[in-house]
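Visitor: Mind folding the following:
(2 chains)
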Amino acid sequence: MASTPRDSSKVDFAFAEKRRDTDHESFLSHARMRWLKVSSAICLIVIVSYFLVDVEPRHNGGSWYGYTLGTIGAGLIVWLSLLGIRKRNITDGRWSLKAWTSAHVYLGLALIVVGTMHTGFQLGWNVHTLAWALMMLVIVSGIYGISVYAALPRSLSTNRREMTRGQMIEALAAIDRQLEAAAQPLGRSESDAVIAALDQDVFKAGLLARLTGSYPRCATARALRAFPEGSLNKAEQKVASLLSRRKSQLSQIRRQMRYKALLQVWLYIHIPATIALIAALLAHVISVFYYW
Amino acid sequence: MPDQYRVAIVGSGPAGLSAAARAAALGMSHILLEKTDHLSDTIYKYQKGKHVMATPSNLVLRSDIDFDAGKREFILDTWDTQIADNKVNVRLNSEVTAISGETGSFQIELKDGETIQAEAVVMAIGTQGNPNKLRCPGADLPLIQYQLDDPGEYFDEHITVVGSGDAGIENALGLAADPAQRNVVTILNRRADFARAKAANVALLEEAEKDGRISVRRETSPAEVRENELVLETRDGQETIKCDRIIARTGSQPPRGFVEGCGIEFTGEDRGAFPKLSPSFETTQSGIHVIGALAGYPLIKHCMNQGYDVIEFLNGNQELKPADEPILADKFAALPGNRSVDEWLEIFRNNITILRELSPLQMRELMLDSDVAAFSAGEIIFVRNDPGSSMFAIAEGSVLVEVNPDDPSVTVPIEQGSIFGEVGLISGRRRGSTIRAAEPVVTLELTRNAALKLLATVPSANRAVNQITIERQLLQMFGAGLTSQDVAELVQSAETVEVRAGQNVIEEGGDDKDIYVIQQGSMIVEKSLGGKPIFLSYLPAGSYFGEMAVIDHSKRTATVKAAIKSEVVKFPGEAFTRLLDRNPKLRERAKADMASRRKVNSFVEERKESFSSAVDMYSETAKFLIDNGIGEATDVLLIDETLCVGCDNCEKACADSHEGLSRLDREAGRTYAHIHVPTSCRHCEHPHCMADCPPNAIKRGPDGEVFIDDTCIGCGNCQRNCPYGVIRMDPKPPKKPSLFSWLLFGAGPGPGEASYSWRKTTAEKRGLEQAKLAIKCDMCAGIEGGPACVRACPTGAAIRVAPEKFLTFTKLAEDVD
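Guide: Residues are numbered from 1 along each chain as shown, chains lettered A, B, ... in the order given. Below you'll find the model as predicted:
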């Protein structure tokens, strides 16, 4: 009821205004690069202290310095992996997933320095190095992720041309219906080519085709070759033009699938590798304490 | 059959049925006339299995027949049985064509030529009216129908839809939706374009046309209907097409003409006007009574109660208190003085100037939609920048307006009988100042709907409110120091002008010298640079413009045109000049405002030289946003597609914070320069969805959000009225297993909106039956942290903006990385 006196309303209004003002920033530049600054500071401190602290006989994970970096690193890994839960757990409160992503990206990059300095460059064929290697795999896949997140959205948006996924599929189905009707008067070999094009499952594409966007066995492209220009009657001309419309509709869908695949493929490495990393990390920590 | 009935009841909807049942119970001689071959046609036409709601829940049902929320079939069956059990005298297939006579002897003429005699008439014909028939030979053939219940029931037919409105387009799309039905669907439009329909529907139709699913014939009208054939009048002559079925959706004739033909007066010319009624529902034609939706009560319970009441009144029962008495008593209980409902009604009516002309029945109705409150001296009634679209009236006491936001001690009084808060009502914007009680005060708060209805039905109230609004808006705009006397001349010479969307109010280079205040809607300012119109700025309601030409006697420097349908108040420039001459301080203020506007103009002009493409882009983007409804928005979700990775976490978050249904469709909607306007509520200043909500369930909440409360009856009017297609009708889904049981054990459908099939099968399994209700964005009101769509966006692509903040050069031309 608007007539109830509300002391908090001024605060709410100011908060809403502030929220609107700070909204329009990407996760990379969130809060004026706050997490880039935090993460650079961490890296700088770790690198400088690595050279200042004198550990005998040489830097290793088992020194007090190594333990400190190890604890920080393990803590970071656990916290970074919680992003997946934060993202899906839509609770009340003034959290922002963008701020979390921003911190995730920059602190994750800082882990390269923290984790590597923790090893003291003592790498070998053991469970300890396995944990380090998995960590690096996760980070490298993450760097790929950042780069596609930064580069691909524009192309995704341009390619979409205001169409939704459903509309693209519907547009293709509409062309197919017209093709089927238009192909009725064609001769045997031409209609076979059209049937082959219509029968091919558009969405059955291998990983490689999806990622590269190249479909050498595309039946529509092949069918188009059965209608060489110059020698076509009216019915054939209509089918040919429908086929080329089908081809361009297909390529929009395929580009869409390609961009989406490029935006998602790294997660199939990033997430399983994170789970493996947490397992290896556990093994690493237990074995260190067991053989203390 | 007696020669003359005591009462004839026209229309067998909830109101008519209840009236007839009461008459039967009292042993009064009566006849119930129904146009169709079944009772209660409006509810009969509801979709099969529709869950009918029974609101308001605090209203007691007073009727001889039962009604409770439930399935359409159950309700109709109950009524049919009870009407038969009560031995109600029903005459079906009896369309009334005219009513003549006077109290004691009315002649009711029926379409079949019969005449019925009755002493009194109760008209309960609702507001649906009769569908317009085709105006061509063969218009009576059985292949024409005026309604389409289930587009899925027709196969292998040639179907022609006549009508270019939303109803016609939706029917045509429905008939052609499933190619397996193999229907050949044609839609006829008398004109070349579909101007009356929603843009979204037109787009779908054009797409269907392009795909060859629907044949769209423009500038074509039916010339003759034959068995299985339709002759068309086209631009190039006549043409005959095969046609098995015609769906005519050319609108309907509102019942007003018929009602007026019976000698009944309405409260005004307005489309929203109702018949003038006495407290016992009698019209200006004595002996004829009007009840139900036609009387302005669209809810079933109200209708049924009135049916009961009107017969009791006719039977001589003077003591009957309306069924809403306990609700009003409850409302007034909070007020001091321990007075009865009737006493309070009289106090409100006598003390509040704008209510003096209301009838007791109108007062009661107004009260049902309003709130009353008492405040002690010094108590705050509302705070500046609170959203609020209700209007207050002072029944007892007086209030103070804090005119200076920085100094609460500077106040202006408003006296008993006057109103306040009207700016919020008319402009749809936030409260302009804080109001507190000067002494103990009793206020009447009229909800937006109640206030708009009052203004539409009582012309004197409309004039009074308009004048007060103009005066206060002037005082508020030009700041403290001015008094009502100062602006009296301006108020006297003010003229309210309606402007269509896109219409110019001021043209660049013009010599006119008037100044304008935007009362409703918004404007855009454009300047022609190098032959192209360049967007300069956006002016929300409450701004003024046109002062530059008045102050420095120059020609108009820019064009100002309406972004949406708007209302501006025009003041003559000379009156404004005289006001400035008398108030040097005001002149300073106006000059300062002017200087800052000049700065924006010259900034954009300067940039045009060096960054021409940036300015063009900015101008185009601003225009795109305004075309997409941002001009009337208060808070809108935009997606920056240079950042959006298409993860749909916004939709998932929306569903998970609102009972499992998403209120936004990220992918749908228009895009320009990578700014995407998804299908999601814009929280309009004057929400289209509010226009026709029978239970008044759509309200504006404390944070400016437009939301639907739990009195929604699922009628779908708001969904049809929203030009942006952001309202969906769905039953509340069953509860999902928790996130962790999904993460660890794969239980349930996971985060986000569950698929339709999961919702349906799980609801069936758990035995949950839920009505389809309207749902829309409520801006996550009551959820700490604000809108979940924005909080859950991992890249910062989802933003919510207020148009006056976002439509500026700095915001639109900046590059986000």
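
Visitor: Could you give the separation of stretch B:484-491 from the chain centroid?
Guide: 34 Å (CA atoms, centre = their mean, to the nearest Å).

Visitor: Rounded mean pLDDT for that stretch, please.
Guide: For stretch B:484-491, mean pLDDT is 85.

Visitor: and what of stretch B:600-610?
Guide: Rounded mean pLDDT across stretch B:600-610 is 76.

Visitor: would you put the C-alpha positions of that stretch in CSV?
Guide: Extracted in CSV, the C-alpha atoms of stretch B:600-610 (Å, rounded to 0.1, in the frame of the first residue of the first chain):
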residue,chain,number,x,y,z
VAL,B,600,24.1,18.7,-25.1
ASN,B,601,23.0,19.9,-28.5
SER,B,602,26.4,21.5,-29.3
PHE,B,603,28.2,18.5,-27.9
VAL,B,604,26.4,16.2,-30.3
GLU,B,605,26.8,18.7,-33.2
GLU,B,606,30.5,18.9,-32.5
ARG,B,607,30.9,15.2,-32.4
LYS,B,608,29.1,15.0,-35.7
GLU,B,609,32.0,16.7,-37.4
SER,B,610,34.7,14.5,-36.0
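
Visitor: Tell me which residues of that stretch come out buried.
Guide: B:Asn601, B:Val604, B:Arg607, B:Lys608 (16 or more other CB atoms under 10 Å in any protein chain shown). (Each C-beta comes from the backbone N, C-alpha and C, glycine too.)

Visitor: quick one: the second one is in a helix?
Guide: If I follow you right, that is B:Val604. Yes - note on B:Val604: a helix contains this position according to DSSP: H, G, I helix; E, B strand; the rest coil.

Visitor: List the buried residues in stretch A:278-292.
Guide: Those would be A:Ile278, A:Ala280, A:Leu281, A:His284, for stretch A:278-292 by 16+ other CB under 10 Å.

Visitor: That stretch and chain B in contact?
Guide: No - using CB under 8 Å from any CB of the partner chain, stretch A:278-292 never reaches chain B; the gap is at least 14.3 Å.

Visitor: Check what contacts that stretch and list those residues.
Guide: A:Gly61, A:Gly62, A:Ala74, A:Ile77, A:Val78, A:Ser81, A:Val127, A:His128, A:Leu130, A:Ala131, A:Leu134 (CB atoms under 8 Å, 6 or more residues apart in numbering or on different chains).

Visitor: Please flag which of those residues sit within helices.
Guide: Using DSSP state H, the subset of the contacts of stretch A:278-292 located in helices is A:Ala74, A:Ile77, A:Val78, A:Ser81, A:Val127, A:His128, A:Leu130, A:Ala131, A:Leu134.

Visitor: Among those, the buried ones, what's the PyMOL command?
Guide: With 16+ other CB under 10 Å as the burial test, the buried ones among the ones in helices among the contacts of stretch A:278-292 are selected in PyMOL as follows:
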select buried, chain A and resi 74+77+81+128+130+131+134
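
Visitor: Redo the ones in helices among the contacts of stretch A:278-292 as a markdown table? Include pLDDT and distance to chain B.
Guide: A markdown table is the format used below for these (pLDDT from 0 to 100; distance: CB to the nearest CB, whole Å):
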| residue | pLDDT | distance to chain B |
| --- | --- | --- |
| A:Ala74 | 96 | 22 |
| A:Ile77 | 97 | 18 |
| A:Val78 | 96 | 16 |
| A:Ser81 | 96 | 12 |
| A:Val127 | 92 | 26 |
| A:His128 | 93 | 29 |
| A:Leu130 | 96 | 25 |
| A:Ala131 | 96 | 23 |
| A:Leu134 | 97 | 21 |
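
Visitor: Burial check on B:Gly268, number of neighbours?
Guide: 15 (other CB atoms under 10 Å in any protein chain shown).

Visitor: cool, B:Asp635 as well?
Guide: Residues near B:Asp635, counting by other CB under 10 Å: 22.

Visitor: B:Gly786 now?
Guide: 22.

Visitor: Per-residue confidence, it, what does it come out as?
Guide: Reported pLDDT for B:Gly786: 87.

Visitor: what's the answer for A:Phe13, then?
Guide: So A:Phe13 comes in at 52 (pLDDT).

Visitor: so where is the chain shaky, pLDDT-wise?
Guide: With no chain named, the answer covers chain A. Low-confidence segments of chain A, defined by pLDDT under 70: A:1-23, A:292.

Visitor: Switch to chain B, please.
Guide: Using pLDDT under 70, the flagged stretches of chain B are B:1-2, B:199-200, B:270-272, B:479-480, B:610-611, B:809-810, B:813-817.

Visitor: Show me how it divides into domains.
Guide: B:5-129+B:254-314, B:144-252, B:325-459, B:490-610, B:624-813 (automatic domain parsing).

Visitor: Looks to me like B:Asn449 is in a strand.
Guide: No - using three-state DSSP, the secondary structure at B:Asn449 is helix, not a strand.

Visitor: Counting neighbours, what do you get for A:Asp92?
Guide: The number of residues near A:Asp92, taken as other CB under 10 Å, comes to 14.

Visitor: Leaving out the residues flanking it, which one is nearest to it?
Guide: Leaving aside its chain neighbours, A:Asp92 sits nearest to B:Glu784 (4.4 Å; criterion: CB to CB, 6 or more residues apart in numbering or on different chains).
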